Each structure stands twice: as structure tokens, then as C-alpha cells.
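*Asks:* Sharing a model prediction with you, sequence too.
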Amino acid sequence: MSAAKTQTLMSGAQVVLECLVREKVECFFGYPGGVTLPLYDALYDHQIKHILVRHEQNACFAAEGYARATGKVGVCCATSGPGATNLVTALVDSLMDSIPVVAITGQVSTKLIGSDAFQEADTFGITRSCTKHNFLVKKLAELPQIIHEAFHIAASGRPGPVLVDIPKDVFQAQGHYTPVTTIHLPGYRISTDGHSGQIRRAAQMIWESERPIVYAGGGIVAAEAAANLRELVEMVDAPSVCTLMGLGSMPSTHPNFISMPGMHGSYAANLAMTETDLIVALGVRFDDRVTGRLAAFAPHARVIHVDIDPAEIGKNRAADIPIVGDVKKVLERLNEELRELAPEMKEKNAAARKAWWVRVRGWKEEHPLEPEISTDEIKPQHLISEIDRLSGGEAIVSSDVGQHQMWGAQFIRFNHPRLWINSGGLGAMGFGLPAAIGAQFARPDKLVFALVGDGGFQMSIPELATIANHALPIKIIVMNNGYLGMVRQWQELFYNNRLSAVQLDSFPDPEKLAGAYGFRGRTVESPRELRGALEAAVREPGPYLLNVRVTPFENVYPMVPAGGAINEMVLGPAQPVTA
Amino acid sequence: MLQLISLLVENKPGALMRVTGVLSARGYNIESLTVARTLDPELSRMSIVVDIDSTQRAQVIKQINKLVNVLQVSDLTEGAAVRREMVLLWIGTTQENRTVILREAEIFGAKAVESSVEGYALEATGDTEKLDAFIRVMQRYGEIEVTRSGMVSVPLETKKLKLAPPVRKEHLEIDQEILKTTE
């Protein structure tokens, strides 16, 4: 039977779908066009589910949402020329956040390439720097190998987007699916195990430390290493922080968790990162939004840095113990080493560590992250805390980019990884809503909030149709302050409050807008109605658009001004604090 | 400061662009670059001279090393290696200076590879400083046209190639389940 199958004559388009099936792709997101006609024709009577979005950028954002919610490879598809160029922003987004995505693009026929044919663009060239790797397929015979290589590259090592550009004549060519059972990419070397001597030294250094801190990021999520992280943190009883990309890796309510560090991080996290004598950095990249002014960052600390990407180690901050490896594998061994050393070393610094915790708890109590609530108007933080109450640490929150994202990171609790979905590295507005679509397809069992600002929401309005089409029960919560809030905040604080091009007038009536797509929406303006309105949205079996009018001039605090050291936080309006 | 990086890359379309992209994306200028097939026709050897701070060198090399098409990156800026460049130089001659030009060329180890009544094509190899001097000297004898090859180099020790082994993909092995559902 299998022999007969592989001998069956298939078109290139059918071979593509066969590859996707073998890669266990359940659904993919796309938008058809001229050169992908053969592919969409093959899809017509194929079992694989294709989700028609309303813009190619959102196909890739949705694929990212799917990948971020599951860890599986997200797949998107676009036609040549404008279809492919529309993917660019989302490809860079997945590259920056290390999200496994395979993008399939159509290309003009091989004999037309380079002739400025209709809808031709040099997709291979354009997306070279937007992807982890990309391919231009020249003939059908190499198609299965390339697609399976694309999946392998996207998902392994430091994950990322891979694009496969397929000319129309390759889709149309008749041939066979040649089974692929091994991938051989001699230049694609991944070190997963970590150097055992370094791991042992790291264990020693951790026990020797008097003021350790564990700094965990998106690498923990990618490696599915949250349990190992928690084991480490509890064994050595260290304070821990998660980056924007790592939120949920430590349960937000865990006593050892002191929230997010960096520009809008917690007071306790930023002071602990400054005063620590040892940073255990796990799957992080010492991003500028975390470190602030690099020269002033963690001045007393030694650094153990674990990452699967050797180029991240030493890139921004020198590591005393560099460990290149899969953070889960490394943590398994590191925890073992720590356990072995515990009887002899645990008590050595017990007094110093106790004193360290006293300081850290002191900072936490001194300036806790607490949402501001008013009875007269809806403060944005109030809205976030109500979402948090409904989620109880279990809902998926797919956020857009801006103030609401930072408040979300500060105030919404996550009991697990893969619940907080956002555009971290690139900060791409218009991400939240389409990513929520991908997440809801991936996790139909989950309550999914699309937490968006009125700016980012208006970039993704076309996808309301996709949501309506599939009756996705996404709760779209627009934090509507009538401004591009984060830009306005910077204009207020650093540009003499000269508010330039940040006011967003003419927001559409949400009831009518949602109604036009066939689902329900409303606006809420009074704090008394907020909870009830959110509960009603969640009770609604289908999609819901809730437009929440919040106070317009609220700023996100704490804030580390650009170029500042992270212990030089502004904690609220006009009260700089240096610790 | 000029840095010399030697690469072994897969001989595939786009491989060159990926490597130079790592440099151009960071605004680094390439001083010279040579690419040619190795003994194994599926591989190419690339020698790049790039003007970067030595502190940025390690990061650039790591980033290039990550490219799927790159099999090996060697930093030959300071390592034990032979570095050579070649110059092809056309010089217009007069009846009077033809002999003296050849004699000067000989001092630089250059030889005439083409000759006509109008002039000579001369070929010289050596390190950059020597070739600079050669060109300066030749300029004094007449009009010249110069093409330089850019630096090529070979390390003085063999470096073991560390290659990724083939990865078996169990989920891709033909299984009846898949076949049933696709029919």
C-alpha cells in the first residue's frame, strides 16, 4: 500500500499538502492568489484545514499565535509579490521572538523569475534577513526534502521562521512524494547537552552565591522547561524574575517570583537585579529593555548564562560561566549537580541568603505592583486587574503592543507558560488580534482574550471577519484611551507634552462594528459596570467585542527612562527614585 | 581594523548573500571577498576582509556560524596562516622604458603574462603591502589599469570540520495511519 502510495502521480501542490500532513499540521492560515491557484485547487478536496484570513500579515501572526500557544510549528501561506511582502513584518516578529513558523509562498514560474513578471518579487532575497533560513524551490524532485528541512529548522535549536518559496510550475508539475526520513544539514550544528564541567562549576557558583537571582526568559518556554526552572528556584530558594517572553514560566503567585525586570519591571525585580551577586540567566538575551544602561546593569553580579544560541552568550553581557545547550537538558543536569552539592553547601551561606530575602521582600512590600482603581472612571490598570480576576491565571491573553501590554505583563497572573502571547522583541502593533485567532484554533478549550489598544485594534479590524466566520469565542477587549498611549506617554515625559499625531479620534461604534460582522459588542465607561460587562463577554458563547473607555492620560510605572540604569526608576508622576 | 575571516560554505545559490548580509546588516564594510569551489565541488571557500573593531569580530563570527549553509568559520586575522593577494596590472609602455619595467617587475616577483607594442600585462602575488609598493612603482612608468583579487588565505594547520550528523525523522517514516487519511 505504501509503495503504491508513493508511486501515485501527484502534483507539486499535492506534494506540499502531503508534506504538511506528514508534519502533523492540523491547520494553516493563508490567503490565495494567482500563483498559488494550484495549491488552493489541491486544498479544495483535501482533509487539511485552511483558515482564510483577511490579510497575509495576519496569516503569519495567526500562525505565530498557534505556535506560541502550543510549541508546535505554525504554518502560513501567501501568494507571490504582495502576498509575500505582506508577510515580512510577522516573519521578523517570529524571528525576534524565536517562534517556529513555516511560511509557504508562491512564486512566478521558474522561467519567468527575473523578468519583472506580474506579481513577481524577489521573496528569497527580501526574506533572507527576516527568517532563520529560507528556500527557493527549483524543481518538484527537491520539494519534499526542502519542506521537511524547513520544519526541522523552524522547530529545532533556537526556533524561528523558515520560508519556502515555490514557483507556480513547481506546484503544477507532476511527480511523486519521495519519502524523506532523514534530514542532513551539515552546517546546521546545534549543541543541546551543555558542557558537563561548566554545569558542575555553575552548581558550585550557585551554592556559593549570597545574593542569587534566577532570570528566566522565552528560552524556558521554547524548551518546555518550566518545571525544571521551578525545581531549581525552589531547591536553592532564590528570587526569580521572568522576562516579557518568559512570563508564566514561574507561576505568577509563586513566593519566589518577583515579577518582570526592566523598563516597566517591578521595583523589587529591578533592585534585585542590581544588587545581586549572581545572575542565573536561562534562555534570555539581556535585551536592552531588561538591562537598561548596560554599563550600570547588575554591577556586582557574576553571570551564568545558558542558551542554545552561542551567539547570545556574551553578546550584551559577558558570562562568567557560558553554557551552550538546550535549557531543559542543562537544567536537568544542573539540578542534579545542585542536589548532590546541597548537603555540603546548602547551609554555608544560609545567613547571607536569609538577609538577601529580607531585602528582596522589603522591596516587594515597599513598592508592590498594585493596580490603581477609581470609582469615578475606569483606570486602565483596573481593567487589567478585572481581566486577571476572570482569568485566574489560566486564560490565554494575546496582547497587542503598548501600554496595555505592559500593564498586562505587570498585573495579569499566569500559572503556566504559553498563556501570555505577545510581540516582545519586535513590538509589532496589530499582533494581538490575529495571534488570538491562532491561539484559539490551537486551544479551542481555552478562554482567549485579545487584549488590544484602540491603535493596534484598528490595525487588525479586517480579522473580525475571520473570527465571525469561525465563530471563535475570542473576547476582544479594547483598552480604549483615545490615544496611542505609549507614544503619548513618551511625548508627555520626554517631549514637553507636545502630543504629536497620537490622538485617535473617530473610533467606530463597537456595537455597530461587531454587529456588522454578526456578533455582539458594547462600550463600557463606568467602573461600576466594568466587572459585569467583562463577565457578560466571557459568558457569551461566541466572539465578543468589549470597548472599554479608560482614562486617557494614565502612564505605565515603574518606568526606567531610556538610557537609564534599571535601579533609576520613575515610580509615579514626578517622583524619581534612586536606590 | 581589518579582520580576515575564512569560511567553508555550501556551494548553493544565496549562500554568499547570507554571509555578506550578516556584515551589511551591521553596517560593516567589506574590503575584499573571494569565493571559489573547493576540492569538493559542493563546497566553496570564502575569504573575507572586513573593516571592524576586533571586539565585534567574535560576535560576527558567531552570527555567520549560525547560518545553515556555513560549515566552518575560521578567524585568520591573527592565527597561523598564509595570506596572499594577486594583482593583474596593465601598463602602457614606451620603446625606452620596456626593459626597465620588466626589471622592476622582477624585483617584485611579478611576471609578464601578456605583451604587446602598447604595453604589458603583469601578474604579481604577495601580501598587501608588497603589492601596494609594486603598484606605486609601476605608476611612475606609465598609465596603469589594476585589478586586485582580494585576500586569499590558507591556515597552517588543518582544523577538524565539525559537521551536524543526519537527523532521523521518525514521524516522517511512512505509516499506514497517514496513508489511510490522505486517500
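*Replies:* That came through, no problem.
*Asks:* what about the residue lying closest to B:K159 once chain neighbours are set aside, helix or strand, and which?
*Replies:* Among residues not flanking B:K159 along the chain, B:S74 sits closest, at 6.1 Å (Cβ to Cβ, 6 or more residues apart in numbering or on different chains). Placement of C-beta: from N, CA and C, glycine included. Using DSSP states H and E, B:S74 sits within strand B:70-75.
*Asks:* Describe which strands that strand pairs with in its sheet and in which direction.
*Replies:* Sheet pairing of strand B:70-75 (DSSP bridges) gives strand B:2-10 (antiparallel).
*Asks:* contacts for the helix or strand containing B:V22?
*Replies:* Under the criterion of DSSP H and E, B:V22 resides in helix B:15-24. Here helix B:15-24 makes contact (Cβ atoms under 8 Å, 6 or more residues apart in numbering or on different chains) with A:125, A:128-129, B:7, B:9, B:29-30, B:33, B:35, B:44, B:46, B:48, B:50, B:60, B:63-64, B:67, B:69-70.
*Asks:* Could you do stretch A:544-551 as well?
*Replies:* A:374, A:377-380, A:382-383, A:464, A:473-482, A:507, A:510, A:513-514, A:519-525, A:530, A:533-534, A:536-538.
*Asks:* as a whole number, average confidence for it?
*Replies:* The average of the pLDDT scores along stretch A:544-551 is 98.
*Asks:* Please point out which parts of that stretch sit buried.
*Replies:* By 16 or more other Cβ atoms under 10 Å in any protein chain shown, the buried positions in stretch A:544-551 come out as A:Y544, A:L545, A:L546, A:N547, A:V548, A:R549, A:V550, A:T551.
*Asks:* Could I get the CA-only coordinates of it as CSV?
*Replies:* Output of stretch A:544-551 as CSV, limited to C-alpha atoms (Å, rounded to 0.1, in the frame of the first residue of the first chain):
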residue,chain,number,x,y,z
TYR,A,544,-17.4,39.5,21.9
LEU,A,545,-16.1,43.0,21.3
LEU,A,546,-15.8,45.0,24.5
ASN,A,547,-14.7,48.6,24.1
VAL,A,548,-13.6,49.9,27.5
ARG,A,549,-13.2,53.7,27.7
VAL,A,550,-10.4,54.2,30.1
THR,A,551,-8.8,57.4,31.5
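*Asks:* Return the distance of it from the chain's centre.
*Replies:* In terms of Cα atoms, centre = their mean, to the nearest Å, the centre of stretch A:544-551 is found 24 Å from the chain centre.
*Asks:* Output the contacting helices and strands for the longest strand seen in chain B.
*Replies:* Counting residues, the longest strand found in chain B (DSSP state E) is strand B:81-92. With contacts defined as 3 or more Cβ pairs under 8 Å, 6 or more residues apart in numbering or on different chains; DSSP states H and E, strand B:81-92 has these neighbours: strand B:2-10, strand B:119-126, helix B:128-139, strand B:144-148, strand B:152-155.
*Asks:* what's the angle between that strand and helix B:128-139?
*Replies:* 10 degrees (axes from the mean of the first three to the mean of the last three Cα atoms, to 10 degrees).
*Asks:* List the buried residues for the very next helix or strand once past strand B:81-92?
*Replies:* Counting by DSSP H and E, the next helix or strand C-terminal to strand B:81-92 is helix B:98-107. Residues of helix B:98-107 classed as buried by neighbour count (16+ other Cβ under 10 Å): B:R98, B:I101, B:L102, B:E104, B:A105.
*Asks:* my read: the third one touches B:A110, true?
*Replies:* No. With contact taken as Cβ atoms under 8 Å, B:L102 and B:A110 are classed as non-touching, separated by 9.1 Å.
*Asks:* overlap in contacts of these two?
*Replies:* Contacts common to B:L102 and B:A110, judged by Cβ under 8 Å, 6+ apart, are absent.
*Asks:* For A:I477, which residues are in contact?
*Replies:* Shown in contact with A:I477 (Cβ under 8 Å, 6+ apart): A:L383, A:I387, A:F449, A:A450, A:L451, A:V452, A:L534, A:A537, A:L546, A:V548.
*Asks:* Could you identify the most distant pair in those residues?
*Replies:* Spanning the widest gap among these are A:V452 and A:L534, at 14.7 Å by Cβ to Cβ.
*Asks:* between these two, which one's more packed in?
*Replies:* Set A:V452 next to A:L534 and count neighbours by other Cβ atoms under 10 Å in any protein chain shown: A:V452 wins out with 29 against 22.
*Asks:* Give me the phi and psi for that one.
*Replies:* phi -130, psi 150 (degrees, to the nearest 10).
*Asks:* Mind listing the residues bridging to it?
*Replies:* A:V478.
*Asks:* Would you mind listing what in chain A touches chain B?
*Replies:* Contact residues (Cβ under 8 Å from any Cβ of the partner chain) of chain A with chain B: A:1-2, A:5-6, A:18, A:21-24, A:47, A:124-125, A:128-129, A:132-134, A:136, A:148, A:152-153, A:156, A:179-190, A:309-311, A:314-315.
*Asks:* Would you list the buried entries among the residues you listed?
*Replies:* Buried members of the residues of chain A next to chain B, counted by 16+ other Cβ under 10 Å: A:5, A:18, A:21-23, A:124, A:128-129, A:132-134, A:136, A:148, A:152-153, A:156, A:180, A:183, A:185-190, A:309-311, A:314-315.
*Asks:* Surely A:H264 is within a helix?
*Replies:* No. With DSSP: H, G, I helix; E, B strand; the rest coil as the criterion, A:H264 is coil rather than part of a helix.
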